[in-house]
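1. Quick one, structure for this:
(one chain, ligands or ions: 1)
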Amino acid sequence: MRTLLIYPEFPKTFWSYEKILELINRKVLLPPLGLVTVAALLPQSWEMKLVDRNVREVTAADWDWAELVVISGMIVQKADMAEQIARAKARGLPVAVGGPFASSTPDAPELELADFKVLDEGEITLPLFVEALERGDTSGRFTANGEKPDVTSTPVPRFDLLELDAYSEMSVQFSRGCPFNCEFCDIIVLYGRKPRTKTPEQLVAELQCLYELGWRRSVFLVDDNFIGNKRNVKLLLPALRQWQIEHGYPFSFATEASVDLAADQELMDQMVECRFESVFLGIETPDAASLETARKLQNTRSSLEESVEKITASGLRVMAGFIVGFDGEQRGAGNRIVEFVTRTGIPHAMMGMLQALPNTAMWTRLEQEGRLIQDSAAAKGVNQTNLLNFVPTRPIRDIASEYMEAFAALYEPHAYIERVYHYFLKLPPQRYRQIRQENSPSVQTSSSERGISWIDLRALAIVVWRQGIRRSTRWRFWRALLGMALHNPARFTGFVSILAHNEHFLEYRGIVRREIEEQLALLPPEPPETARVTAEPVLVPN
Ligand code: SF4
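-> Numbering: from 1, shown residues only. Presented below is the predicted three-dimensional model:
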């Protein structure tokens, strides 16, 4: 069976980093890990081709070659998903859809033309789909009926189907699911609250495969909470460390974790020794009342500021996500986030307005309260510039304007340089370098450290020209560069690469303001104070 796997296009988001990718000559940040996993789960006797629409178009030759089309994507990709389904159907090809968007909303109008809906986790439903095809079925819907597969037999993803040069980072997955219970989270709906992990051997085999394919850059562990199953993570990390030592530490790692990482020094040390360089934390807000409303209780158990400090002092660069628009939120939430980020110095703080995702506890509650706005811009695809897709407990214009102001303040180019500078001064030297030196003094450094390529030189020249010469940031830029070279030279390269992100944020600041103002202009007038929703949310037990 000649199978064409298509990954739909993403709209521009905070994470799309076009300006940075342009600088480093890459097309996309991360590859479609779900789709290459699907490819590994399908019969290996099938011929397969993968087109990531964020990398290239599907050509006429691709369509002519295909006998079956498989499309998978997230809610944010649904517009392009619908378009690709329609294009395949116009050529008379059978289409199967799956992935997070199809699994959470299988009856969405965007998926109407698809013949097969292969929902939930592929380890269970893909074999059912293959059986159906073999029987000669021409349509079907396959669900896991609440069952969560053991991922210890999931095969190594078909990384060979990817155009590796197009990606800035590669992705692998160790675990699925998270033990926490945040009200807005769809991860626990899709993957459950009992984190299931692969074995250390499986993950090492995936890294080995990437290594043999020639990959030598960063690897992102896409787990929504890498430390959800701490026991198994602590079994993985020694194996990962050993593999890195034996191969001269070819990969740096990044991942997402819950804030309670800060309470486990042993775990942070193990991660740093494996060459984990950054970790994304869902901080959401420094407002304790909002965290309680969102049931993000793990973030209220100790000081968030101290947690960020501890993780940073261990050698992991913190990235963090923040949200405005929680029920009962007090005026000034955006500003309190800016103050928190400024105090902690977190270089990359992603912000968004709260969105209710289908089938989450929050969605159910808001539906019962009659507060969902189904035809909102957000219903067309969740993005950082979408207004809330429900009626909030305070004026939506206040939330949106606080959000715009906060984003503009966080990424004001002078403030950004200052924040990144002070943050990088606090990062200790990378521990893995010492371990590598002790274990294999003769081993070659990884390609990212070996020397400066012409692409790096070109990127550096552009950044220096823009931030150090052309713009008003020039004095701050040169002072910061000199300060870093003098006071923390071990972190100089990383510092410059994070400074380069200013190019993206500068552009994205304008996008945020423009897109939000456009949506606000379409809103009906704010209802009078008395007609607004009560600030007391009614929580629905799940
Ligand atoms: S900690 Fe993160 S992944 Fe876990 S439930 Fe909360 S939002 Fe979801």
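2. where does the stretch 351-500 of the chain have low pLDDT?
-> Applying pLDDT under 70 to the stretch 351-500 of the chain picks out residues 375-383, 441-452.
3. repeat that for 80
-> For the stretch 351-500 of the chain, the stretches flagged by pLDDT under 80 are 374-384, 440-459.
4. so how many other residues sit close to the residue in it positioned nearest to the ligand?
-> Distance from the ligand to each residue of the stretch 351-500 of the chain (CB to the nearest ligand atom) is smallest for T360, at 9.4 Å. For the C-beta atoms, the positions are set from N, CA and C on the backbone; glycine is no exception. A count of neighbours around T360, defined by other CB atoms under 10 Å, yields 22.
5. Can you classify the residue nearest to A356 when sequence neighbours are not counted by secondary structure?
-> Distances taken as CB to CB, 6 or more residues apart in numbering place W363 nearest to A356, at 4.6 Å, with adjacent residues excluded. Under DSSP: H, G, I helix; E, B strand; the rest coil, W363 falls in the helix class.
6. hmm, back to that, can you pull the contacts of the residue of the stretch 351-500 of the chain closest to the ligand?
-> For T360, the contacting residues are 183-186, 189, by CB atoms under 8 Å, 6 or more residues apart in numbering.
7. just P413 next, same as before
-> So P413 contacts 467, 471, 473, 502, 505-506 (CB under 8 Å, 6+ apart).
8. and the protein, which of its residues are near the ligand?
-> Within the chain, the positions near the ligand by CB under 6 Å from any ligand atom are 178, 180, 182, 185, 187-188, 224-225, 258, 282.
9. try it again with 8 Å
-> 178-182, 184-188, 193, 224-225, 228, 256, 258, 282, 296, 298 (CB under 8 Å from any ligand atom).
10. now those residues: which count as buried?
-> By neighbour count, with 16 or more other CB atoms under 10 Å, the residues of the chain next to the ligand hold 178-180, 182, 184-188, 193, 224-225, 228, 256, 258, 282, 296, 298 as buried.
11. For the ligand, state which of the contacts of T360 is nearest.
-> For those, the residue nearest the ligand by CB to the nearest ligand atom is C185; the value is 3.1 Å.
12. isn't that closest one right up against P179?
-> No. C185 sits out of contact with P179 when judged by CB atoms under 8 Å, with a separation of 11.5 Å.
13. Of the contacts of P413 - the most surrounded one?
-> Each of the contacts of P413 was scored by neighbours using other CB under 10 Å; the highest score is Q467's, at 25 neighbours.
14. what sits against it?
-> 413, 417, 473-474, 477, 499, 502.
15. Let me have those residues in a markdown table, extended by secondary structure.
-> Shown next, in a markdown table, are the contacts of Q467 (three-state DSSP):
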| residue | secondary structure |
| --- | --- |
| P413 | helix |
| I417 | helix |
| T473 | coil |
| R474 | helix |
| F477 | helix |
| L499 | helix |
| N502 | helix |
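16. which residue does the stretch 1-150 of the chain bring closest to the ligand?
-> Taking CB to the nearest ligand atom, the stretch 1-150 of the chain has P100 as its residue nearest the ligand, at 13.2 Å.
17. tell me the pLDDT at that residue?
-> Note for P100: predicted pLDDT of 92.
18. Let me see the backbone angles for the closest residue to it other than its chain neighbours.
-> Excluding the flanking residues, the one nearest P100 by CB to CB, 6+ apart is M74, at 4.9 Å. Reported as degrees, to the nearest 10, the phi and psi values for M74 are phi -100, psi 170.
19. what's the burial count for M74?
-> Neighbours of M74 using other CB under 10 Å come to 18.
20. what do you get for H487?
-> A count of nearby residues for H487, using other CB under 10 Å, gives 12.
21. For it, which non-adjacent residue is spatially closest?
-> L425 (5.9 Å).
22. Go through the helix or strand where that neighbour lies and flag the buried ones.
-> Here L425 sits within helix 413-426, counting by DSSP states H and E. Under the neighbour-count criterion of 16+ other CB under 10 Å, helix 413-426 has 413, 415-421, 423-424 buried.
23. what ranges do the strands span in this protein?
-> Secondary structure of the chain, counting by DSSP state E: strands at 2-7, 47-52, 68-72, 95-98, 116-118, 140-142, 169-172, 175-176, 196-197, 218-221, 253-257, 276-284, 317-324, 348-353.
24. For R491, find the nearest of the ones you listed.
-> strand 317-324 (9.2 Å; CB to CB).
25. Need the residues that contact that closest one.
-> Outside strand 317-324, the residues within contact range by CB under 8 Å, 6+ apart are 184, 277-285, 308, 311-312, 333-334, 337, 341, 344, 346-354, 399, 402-403, 406, 423, 427, 494, 498.
26. which regions of this structure sit below the pLDDT cut-off?
-> Residue ranges of the chain with pLDDT under 80: 12-20, 22-25, 374-384, 440-459, 524-542.
27. I'd like the buried residues of helix 413-426 as TSV, with distance to E110 appended.
-> Converted to TSV, the buried residues of helix 413-426 look like this (distance: CB to CB, whole Å):
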residue	distance to E110
P413	38
A415	40
Y416	37
I417	42
E418	44
R419	40
V420	39
Y421	45
Y423	41
F424	43
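28. Of all pairs in the residues you listed, which one is the farthest apart?
-> P413 and F424 (16.6 Å).
29. before we move on, back to that, burial count for the residue of the stretch 1-150 of the chain closest to the ligand?
-> When neighbours are counted by other CB under 10 Å, P100 registers 22.
30. Pretty sure it sits against L190.
-> Yes. Using CB under 8 Å, P100 is in contact with L190, at 6.1 Å.
31. T59 - how many residues pack around it?
-> Close neighbours of T59, defined as other CB under 10 Å, add up to 10.
32. Please disregard the earlier target; I meant L213.
-> Using other CB under 10 Å: L213 sits among 12 other residues.
33. surely it meets D160?
-> Yes. Contact criterion CB under 8 Å: L213 and D160 qualify, at 6.3 Å.
34. Without its sequence neighbours, what residue ends up closest to the residue of the stretch 351-500 of the chain closest to the ligand?
-> D186 (5.2 Å).
35. so how far is A108 from the nearest residue to Q374 once chain neighbours are set aside?
-> The shortest distance from Q374 to any non-neighbouring residue, by CB to CB, 6+ apart, is to N389 (7.9 Å). Using CB to CB, to the nearest Å, N389 is found at 14 Å from A108.
36. More neighbours: which of these two?
-> The neighbour comparison of N389 against A108 (other CB under 10 Å) goes to N389, with 24 against 16.
37. I figured that one was touching L357, is that so?
-> No. N389 is not in contact with L357 according to CB under 8 Å; the separation is 9.0 Å.
38. hey, where'd the helices end up in the stretch 401-542 of the chain?
-> Secondary structure of the stretch 401-542 of the chain, counting by DSSP state H, counting those that start in this stretch: helices at 413-426, 431-439, 447-450, 454-463, 474-487, 492-500, 502-521.
39. got it, and the stretch 51-200 of the chain?
-> Using DSSP H, counting those that start in this stretch, helices in the stretch 51-200 of the chain cover 60-65, 78-90, 100-104, 122-135, 187-191, 200-212.
40. Packed most tightly, which of these would that be?
-> Stretch with highest mean neighbour count among those: helix 100-104 (a mean of 23; mean count of other CB atoms under 10 Å).
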